[in-house]
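> The sequence and its predicted three-dimensional model are supplied below.
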Amino acid sequence: MDLAFIHYRKALELDSQHVGAHEYLDELYLLQDEPSLAQEHLTAIENSPACAGGCEEFEELKSAIEVYHETHTGQ
């Protein structure tokens, strides 16, 4: 996973609004039990011009974060 983090962060250095890089980095943060960092990337996707008006990546990650919270907090 360390190598994946390096590559996705590099992708975001090159294009800070790259929806795919945010999506995959977000998923890695959930796997690492870092939901607050995942939420930051979800917000970045939501605010990205590529996702204006909604996009599949946003909806999938929003759902993944909700499931994470349900399974880790019982809420």
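Here it is on my side, so go on.

> Pull the residues that contact the top helix by length along the chain.
In the chain, taking DSSP state H as the definition, the longest helix is helix 56-73. By CB atoms under 8 Å, 6 or more residues apart in numbering, the surrounding residues in contact with helix 56-73 are 19-20, 22-23, 26-27, 30, 33, 35, 38-39, 41-42, 45-46, 51, 75. Where you see a C-beta, it was placed from the backbone N, CA and C, and this is true even at glycine.

> burial measure for the nearest residue to G20 once chain neighbours are set aside, as a count.
Ranked by CB to CB, 6 or more residues apart in numbering and with sequence neighbours excluded, the top spatial neighbour of G20 is E57, at 7.2 Å. Taking other CB atoms under 10 Å as the criterion, the count of residues near E57 is 21.

> Give me the distance between E57 and L42.
Separation of E57 from L42 (CB to CB, to the nearest Å): 9 Å.

> Name the residues contacting each of those two.
H22.

> Helix or strand for the residue nearest in space to the middle of the chain, just tell me which one.
In the chain, the residue lying closest to the centroid (CA atoms, centre = their mean) is D26, at 2.6 Å. D26 is located in helix 19-31, with elements delineated by DSSP states H and E.

> who does that helix touch, helix- and strand-wise?
helix 2-14, helix 35-47, helix 56-73 (3 or more CB pairs under 8 Å, 6 or more residues apart in numbering; DSSP states H and E).

> now these in CSV, with mean pLDDT?
Formatted as CSV, the helices and strands packed on helix 19-31 follow (pLDDT from 0 to 100):
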stretch, mean pLDDT
helix 2-14, 94
helix 35-47, 90
helix 56-73, 91
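
> Pick the most deeply packed of the ones you listed.
The highest mean neighbour count among the helices and strands packed on helix 19-31, using mean count of other CB atoms under 10 Å, belongs to helix 35-47: a mean of 17.
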